[in-house]
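*Asks:* quick one, what's the 3D model for this:
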Amino acid sequence: MKLTSLTCIFFLLFTVFAACSKSGGGGGNNSGGDTTKKTSNLDTPIYMGADISWVTEMENSGLKFYNSTGTATDCFQLMQSLDIDVIRLRVWVNPTGGWNGTQDVVNKALRAQKLGQRVLIDFHYSDTWADPGHQTKPAAWTSLDFATLTSTVTNYTQGVLDTLKAAGVVPSWVQVGNEVDNGMLWPDGQASTNMANFAALVTAGYKAVKAVSDTTQVIVHVSNGWNNSLFRWVFDGLTANNAQFDVIGMSLYPADAWQSYNDSCAANMSDMVSRYHKPVMICEVGMPESEAANCEGFLTDLIHKVRAVPNKQGLGVFYWEPECYNNWQSYSLGAFDNTGKPTVAMNAFQLP
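*Replies:* Here you go, the predicted structure:
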């Protein structure tokens, strides 16, 4: 059937409009390995990340990961299909079983890089978990005096990063310490008793990172991103003691009223950028797997708030161990259901 000229014109205009609407300003699905920040016509681009440090230990125990149709899928590929473009990996010094030790981290980092994903390395400077309540020195470092401890931080940090570089991986970001609310490597680097020592350890890590790659950004990471007074105390202290770092990292694990936590976190992010002239990154988030729909709302709102940080200084949002399921290691804040498939919470990372 022939179309009239007027109908043809209308059809062409409609086709152009539809194509423009579908493009949505260039955000789109990023599952092809492109590590460009996600963006839209309304928001600043940011990175979408996940810490999946448990993945090799889970695989070793026989666990598998499945896409939404129930097909077994490599965990890194599955994350990529969910628009996760950065993989965060923790490093322990001499861990039991080798999990999260240097070689395990290199193996995981290579898997991420082969898919075109960026890598963030998170140094705990411990043989096990470091967090606000635990900053235990590695057993091999316990008897070192402070000068030797500081040089050991430098040498160890550079050694791990050199090993990664030799394997072909240069991280985009490195955390010097994990949730260092009261410093690290206690008691020497406990901020409440010796902020100057803490600052010196941060700078030692910073210099080691830059010696391997001057383009890698160094993060200082603190928990409870809603707590502005905590962040001011930590970063006022580090700044007063001339600590060197590039990015302010935050964790955010909200309770029921996530809206108020997000609002407070947004205000804190803006304050950090204004006060210290550093970009901010949400290095860890999580909610109970049983509240997946609620978590999707929380993440969607938080991602928009990070995108809205003034002067494009919000860098990204990272889910902490989303691949966990069936109460792995007694952890229930993953974003996979009991069959090993992603919950709707992960949809938030596929925003246009």
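*Asks:* tell me how far the residue nearest to A345 when sequence neighbours are not counted lies from N311.
*Replies:* Nearest non-adjacent residue to A345, counting by C-beta to C-beta, 6 or more residues apart in numbering: C295, 3.9 Å away. From N, CA and C alone the C-beta is placed, and that goes for glycine too. The span separating C295 from N311 equals 29 Å under the rule C-beta to C-beta, to the nearest Å.
*Asks:* what of Y47?
*Replies:* Per C-beta to C-beta, Y47 is found 17 Å from N311.
*Asks:* and those two? which has more neighbours close in?
*Replies:* The residue with more neighbours, out of Y47 and N311, is Y47; 22 against 11, by other C-beta atoms under 10 Å.
*Asks:* for whichever strand or helix holds the more buried one, name the packing helices and strands.
*Replies:* Assigned by DSSP states H and E, Y47 belongs to strand 47-51. If you count contacts as 3 or more C-beta pairs under 8 Å, 6 or more residues apart in numbering; DSSP states H and E, strand 47-51 packs onto strand 86-91, strand 118-123, strand 314-320.
*Asks:* so how far is stretch 111-127 from its chain's centroid?
*Replies:* Distance of stretch 111-127 from the chain centroid (C-alpha atoms, centre = their mean, to the nearest Å) equals 10 Å.
*Asks:* now do the end-to-end distance for that stretch.
*Replies:* Using C-alpha to C-alpha, to the nearest Å, one end of stretch 111-127 lies 24 Å from the other.
*Asks:* avg pLDDT for that stretch?
*Replies:* pLDDT averaged over stretch 111-127 equals 98, rounded to a whole number.
*Asks:* and that stretch, what's buried?
*Replies:* 111-113, 115, 117-127 (16 or more other C-beta atoms under 10 Å).
*Asks:* how about stretch 298-305?
*Replies:* Neighbour-count burial for stretch 298-305, counted by 16+ other C-beta under 10 Å, picks out 298-299, 301-305.
*Asks:* repeat for stretch 155-175
*Replies:* Residues 156-158, 160-161, 163-164, 169-175 are the ones in stretch 155-175 that count as buried (16+ other C-beta under 10 Å).
*Asks:* which pair in those residues has the greatest spatial separation?
*Replies:* Greatest spatial distance in the buried residues of stretch 155-175: Y156 and S172, 20.4 Å, computed using C-beta to C-beta.
*Asks:* so where's the chain uncertain?
*Replies:* Counting by pLDDT under 70, the chain contains low-confidence ranges at 1-44.
*Asks:* what residues are up against the residue nearest to W226 when sequence neighbours are not counted?
*Replies:* Using C-beta to C-beta, 6+ apart and skipping the chain neighbours, the partner closest in space to W226 is S264 (3.8 Å). Residues near S264 by C-beta atoms under 8 Å, 6 or more residues apart in numbering: 226-228.
*Asks:* please redo it, this time with the cut-off set to 10 Å
*Replies:* Neighbouring residues of S264 by C-beta atoms under 10 Å, 6 or more residues apart in numbering: 224-228, 252, 254.
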